[in-house]
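Visitor: How does the following fold in three dimensions:
(chains A and B)
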Amino acid sequence: MRAQSDAVRSGAGRSGAGQGGTRAPTPNAPNLDAAGALLSVRDLHVHFVTSRGVVKAVDGVSYDVKPGEMVAIVGESGCGKSVTSLTVMRLLAKPAGRIVGGSIQFDGRDLVTLPEPEMRELRGRDVAMIFQEPMTSLNPVLPIGLQIMEPLFVHLKMDKATARARARELLELVGIPDAERRLDMHPHEFSGGMRQRVMIAIGLACNPKLLIADEPTTALDVTIQAQILELMKDLSSRLGIAMVVITHNLGIVARYADRVNVMYAGRIVEHGTAEEVFSRPRHPYTMGLLRAVPRLDKPRDARLYTIEGMPPNLMNPPTGCRFAERCEHRIDACVQYPAVVDVGRGHTAACHRAAEFEAADRGHPNLRLVRNDQPTPRPHHDDPILNVAGLSKHFHLSRRTGLFGREKVVVKAVDDVSFNVQRGETLGLVGESGCGKTTLGRLILRLEDPTSGSIQFDGRDLGSATPSEMRALRQKIQVIFQDPFSSLNPRMTIGQIIAEPLSVYRLEPNARAVRDRVAELLSQVGLHPYMSERYPHELSGGQRQRVGIARALAMKPSLIVCDEPVSALDVSIQGQIINLLEDLQERLGLTYLFIAHDLAVVRHISRRVVVMYLGRVMEIADRDELYAHPAHPYTQALLAAAPVPDVVVERARASRPLQGELPSPLNPPSGCVFRTRCPKATKACAEVVPPPVELRPGHLAACIHL
Amino acid sequence: MTTVTGPIPYRIPKRRGPVLTFIVQQPLGAIGLVAIVAMVLASVFAEVVAPYDPLEVNYAAILAAPSADYWFGTDAFGRDILSRVIYGARTALAVGVLSSLIGCVLGTLLGTASAYFGSTTDLVIQRFVDIMLAFPIVVLALVVVAALGKNVIGGIDVNLIIAISIPIVPKVARVARSAALSVRQMPYIDAARAAGFSHSRIVMRHMIPNIMAPVLILFTAFIAQAILLEASLSFLGLGVTEPTAAWGLMLSGNSADFYEQAPWVIIFPGLAISFAVFAFNLFGDSLRDWLDPKLKI
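Guide: You can find the predicted model right below:
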């Protein structure tokens, strides 16, 4: 890191702006420091004082942001990336959060010591922030026009007419059509993607110099995510706004960021240009992360690489290298915290062996990346364990129209879906939110009753099963949920949770046998048997997900519906769970219905894949076939929108985000449901519901243009 | 296969005991708790604590003012008021705790079942609850007492307890239902349904333990209300009857005729009622704040 005293930096900054370099001094010209940085954070320390101790959330973080560039801060949950940016805004939760050291130079001023009134003036005018959750970051009772105009009134003292004109201009800038009318609408009338656009418009209202986006697209679907990020990148370069993007998604970073800071356990472990960090990672954590993500652009490995273990507790972090415990390149020197090593090309890494990696790796990208053997494809037999035919689930709602009027509407959550799952295989089910994939899973679990169609499990029809038959069948079909925090009863111990089905169904003869079986199940999923005494809140997310798996296994099921089992987990933990699921499948002969929105994860684990959109099946194909030759325009669009964590691949790809929004399920398009966003749509698409066409054996797509 | 090698580097952070954290975080609640404990001890050990038998009549000291012999004075029959207040705590706590308990158990079951089954069951139960709520609490208790008459077992009128618990049921049912509705949406309930567990098991084992926090708070709050209601009913002559020591009873009857010359006859039982209600309310409020995870730092 560049080491300079604050005095030198701020002094040079003022004269630098005055002399004006390439741009004429305007009232809004940024005050840069000697290195040309708009924002420079130096040795920042942030502590949270809680009743259980002091959490050192940020422990000596330094980074710079130059005007017009997009800097990414990458890391897993709890690494301090969000706290770092909240500190720049001075929005830390009071009184627990405290800045205990360091400086934040922004535009020639130190934000750490700036008095609160001046800070308030700065927020929203010079620095703006976009939050993760677009559904809750807008005030639901105010029209969005007013929410965009508010910073204009407050900071720029605009009158109403001017502010409204500016608000309209901003909405057009962020790509919201029909802006004049939209100004008077309320947030609930907008979709998630549209709300995030509104948030960006609010952020841009006063022409800020810096925009901080905290996981701006994590809550959005992949096609909408691409739209939003394209927009942000475009605005950043057009308006010369510096951006800090905080994310855990490496693909986004590869595609959009200029420079990357990788954070681990409260510190920055690696910094460099996106290209450098992705093609020549010099810190073992970055290397591990890049290897742990399942990737769409590389051949599929038999097993995912995982970073074993968990990040250290920030209440009492190790004195040495914080990653050492999980590091496979660990040496004796790692008991000392490593100095930041500059390996050239503006690339630094906090690792004792960074220079060694650099020397070993000249001309050899992806150090020590050992590729495992290709998996032996499982035999293609025709023995369906689950057969779904013409399955539909319609929800009847009544919508309020006017003061007393009510109108009955039907939401076709799942509409005429047919597929089968072969014994011992994994069928992936992909789609964006609202496509009906979760409802489909619940129908198979019989948590919902189907409107029409049949589900045959092991030759028996679930629809006509009597309650007692159903009780027996339920043991054979189990479920793993997405959210490991709410899928375990918080009032029961891990042991009680796993033992419950054993004792209810008398699967074990006595209490002792139940205890032994619980211990066996726990070690089967990679947990210590002593964990059975613990309560769910004492476990980490990954451990809880393992408990969820053990609970499902307790009944010796043959089919497990996995509803987004890894999407709430960090990359390094995600790999552990996926490998566990695959191991268990191999050993116990399980069949999985794997529901997910992450295309790369689905590709890794599934043998066949079903793509859904708005309640209908768009395409069914074998995994390799689907990813190599997607036939349906929607599948093609999904694959194009998913970013890949490789700078070279990602930047070479043309950006072609799918236009438009998911239509309202209350009023789906006639004919093909995808036609409103489809690049190939013709008039004929509106007339008939496309029947699935068998392109090749086992490859079906529902499009009339094939 | 993921194998476990060595201890998993994860430790449960050490915590202070719940009683100690409660005292530190909720000092007012702790005061309430101390008062409740004092009351319970006094009523349990009433024979030891009380200076006289509550029924012992001393015609030599009728309506005696508070003195060294009779700290709270005596009533129109020359009975020691302090002893009667102490024995009255017994009645108040027994009726208060028992009726609040019965009301909360029934209300919780009704409310949780209503939320779990939903649709028509929910509609029927909730309209029933609506009807119950439409009656003022005292009127409802009055009707029940009048209809059931007396049924004294072990010195306590069982019908009185039932009468006091019935108005509590719909109130608890409402709160339990709204808490249970959000628990109903949790994936662990779906997991239990997917495992094919019976309805009663899901309601009893999986839902009710997760809505205990609001119900516990209601329980303490309704003890206070039940004590008050028991006092009101006794005052009206429908509750506990002479010569049993009960606070409400001590306020009523001929004691009202003497309050000008012997105010201690009504002041001390009145204070006792206020004290008990205040203590339970303080404790209940603090318990609510303490159990609410959103208010925890």
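
Visitor: alpha carbons only for contacts and neighbour counts from here, please
Guide: Fine.

Visitor: List the residues that contact the residue lying closest to residue A:74 once chain neighbours are set aside.
Guide: What sits nearest to residue A:74 in space, not counting adjacent residues and going by C-alpha to C-alpha, 6 or more residues apart in numbering or on different chains, is residue A:262, at 4.8 Å. Listed by C-alpha atoms under 8 Å, 6 or more residues apart in numbering or on different chains, the contact set of residue A:262 reads A:73-75, A:268-271, A:286.

Visitor: I'd like those residues as TSV, with neighbour count appended.
Guide: Output for the contacts of residue A:262, formatted as TSV (neighbours: other C-alpha atoms under 10 Å in any protein chain shown):
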residue	neighbour count
A:73	27
A:74	26
A:75	28
A:268	26
A:269	27
A:270	27
A:271	27
A:286	22
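
Visitor: For the strand or helix carrying residue A:521, name the packing helices and strands.
Guide: With elements delineated by DSSP states H and E, residue A:521 resides in helix A:511-524, which encompasses its position. Contacts of helix A:511-524 with other secondary structure elements, assessed using 3 or more C-alpha pairs under 8 Å, 6 or more residues apart in numbering or on different chains; DSSP states H and E, are made with helix A:494-504, helix A:541-553.

Visitor: For those helices, state which one has the densest average packing.
Guide: Ranked by mean neighbour count under mean count of other C-alpha atoms under 10 Å in any protein chain shown, the helices and strands packed on helix A:511-524 are led by helix A:541-553, which reaches a mean of 25.

Visitor: if we look at that one, which residues are touching it?
Guide: Counting by C-alpha under 8 Å, 6+ apart, A:478-481, A:484-485, A:487-488, A:494, A:497-498, A:521-522, A:524-527, A:536, A:560, A:565, A:569, A:573-574, A:577 sit against helix A:541-553.

Visitor: Just the buried residues of the residues you listed.
Guide: Among the contacts of helix A:541-553, those classed as buried by 16 or more other C-alpha atoms under 10 Å in any protein chain shown are A:478-481, A:484-485, A:487-488, A:494, A:497-498, A:521-522, A:524-527, A:536, A:560, A:565, A:569, A:573-574, A:577.

Visitor: just to revisit the earlier point, and of the helices and strands packed on helix A:511-524, who's closest to residue B:41?
Guide: Comparing the helices and strands packed on helix A:511-524 by their distance to residue B:41 (C-alpha to C-alpha), the top pick is helix A:494-504, with 36.6 Å.

Visitor: Can you check what angle separates the closest one from helix A:541-553?
Guide: In this structure, helix A:494-504 runs at an angle of 10 degrees to helix A:541-553, with axes from the mean of the first three to the mean of the last three C-alpha atoms, to 10 degrees as the basis.

Visitor: CA atoms only: put helix A:494-504 into CSV for me.
Guide: This file holds the C-alpha atoms of helix A:494-504, laid out as CSV (Å, rounded to 0.1, in the frame of the first residue of the first chain):
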residue,chain,number,x,y,z
ILE,A,494,-30.1,-30.9,17.3
GLY,A,495,-30.4,-34.4,18.8
GLN,A,496,-34.2,-34.0,19.4
ILE,A,497,-34.7,-32.7,15.8
ILE,A,498,-33.0,-35.7,14.3
ALA,A,499,-34.4,-38.2,16.7
GLU,A,500,-38.0,-37.1,16.3
PRO,A,501,-38.9,-39.0,13.2
LEU,A,502,-37.0,-42.1,14.6
SER,A,503,-39.2,-42.2,17.6
VAL,A,504,-42.4,-41.2,16.0
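
Visitor: does any bit of it sit next to chain B?
Guide: Yes. Using C-alpha under 8 Å from any C-alpha of the partner chain, a contact is recorded between helix A:494-504 and chain B, made by A:501, A:504.

Visitor: Check which helices and strands that helix sits against.
Guide: Packed against helix A:494-504 by the contact rule (3+ C-alpha pairs under 8 Å, 6+ apart) you find helix A:511-524, helix A:541-553.

Visitor: show me the biggest helix of chain B in terms of residues.
Guide: Ranked by number of residues, the top helix in chain B under DSSP state H is helix B:81-117.

Visitor: Residue A:180 contacts residue A:168, correct?
Guide: Yes. Checked against C-alpha atoms under 8 Å, the pair residue A:180 and residue A:168 is within contact range at 6.0 Å.

Visitor: Could you check which of those two has the larger neighbour count?
Guide: In terms of neighbours (other C-alpha atoms under 10 Å in any protein chain shown), residue A:168 is the more surrounded of residue A:180 and residue A:168; the figures are 23 against 17.

Visitor: May I have the phi/psi pair for the more buried one?
Guide: When quoted as degrees, to the nearest 10, the phi and psi of residue A:168 stand at phi -60, psi -40.

Visitor: Quick check, pLDDT for residue A:319.
Guide: Confidence per residue is given as pLDDT, and for residue A:319 that number is 85.

Visitor: typo on my end, residue B:15
Guide: Residue B:15 carries a pLDDT score of 51 in this model.

Visitor: circling back: ok, then the element right after the longest helix of chain B?
Guide: Later in the chain than helix B:81-117, the nearest helix or strand by DSSP H and E is helix B:119-134.

Visitor: Name the residues of the helix or strand just after that next one that are buried.
Guide: Scanning forward in sequence from helix B:119-134, with DSSP H and E defining helices and strands, the next element found is helix B:137-148. Using 16+ other C-alpha under 10 Å as the burial criterion, the residues of helix B:137-148 that qualify are B:137-138, B:140-142, B:144-145.

Visitor: how about those residues in a markdown table, adding pLDDT and distance to residue A:155?
Guide: Conversion of the buried residues of helix B:137-148 to a markdown table gives the following (pLDDT from 0 to 100; distance: C-alpha to C-alpha, whole Å):
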| residue | pLDDT | distance to residue A:155 |
| --- | --- | --- |
| B:137 | 79 | 56 |
| B:138 | 81 | 58 |
| B:140 | 82 | 60 |
| B:141 | 82 | 62 |
| B:142 | 83 | 64 |
| B:144 | 83 | 66 |
| B:145 | 83 | 68 |
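
Visitor: From those residues, pick the one nearest chain A.
Guide: Ranked by distance to chain A (C-alpha to the nearest C-alpha), the buried residues of helix B:137-148 are led by residue B:137 at 33.9 Å.

Visitor: nearest spatial neighbour of that closest one, skipping sequence neighbours?
Guide: On the basis of C-alpha to C-alpha, 6+ apart, the spatially nearest residue to residue B:137 that is not a chain neighbour turns out to be residue B:167, at 5.6 Å.

Visitor: show me the contacts for residue B:49.
Guide: Taking C-alpha under 8 Å, 6+ apart, we find residue B:49 in contact with B:42, B:86.

Visitor: quick one: the strand or helix carrying the residue nearest to residue B:137 to helix B:81-117, angle?
Guide: Residue B:167 belongs to helix B:158-184 when elements are defined using DSSP H and E. Compare the direction of helix B:158-184 with that of helix B:81-117 by the same axes, to 10 degrees and you get 40 degrees.

Visitor: For helix B:158-184, list every residue counted as buried.
Guide: Of the residues in helix B:158-184, those with enough neighbours to count as buried (16+ other C-alpha under 10 Å) are B:158-181, B:183-184.

Visitor: Stretch A:459-469 now?
Guide: When burial is assessed from 16+ other C-alpha under 10 Å, stretch A:459-469 yields the following buried residues: A:462-463.

Visitor: Distance across that stretch, terminal residue to terminal residue?
Guide: In terms of C-alpha to C-alpha, to the nearest Å, the two terminal residues of stretch A:459-469 are separated by 13 Å.

Visitor: Low-confidence ranges, chain A, go.
Guide: Across chain A, the stretches falling below the confidence threshold (pLDDT under 70) are A:1-35, A:301, A:361-381, A:402-403, A:654-657.
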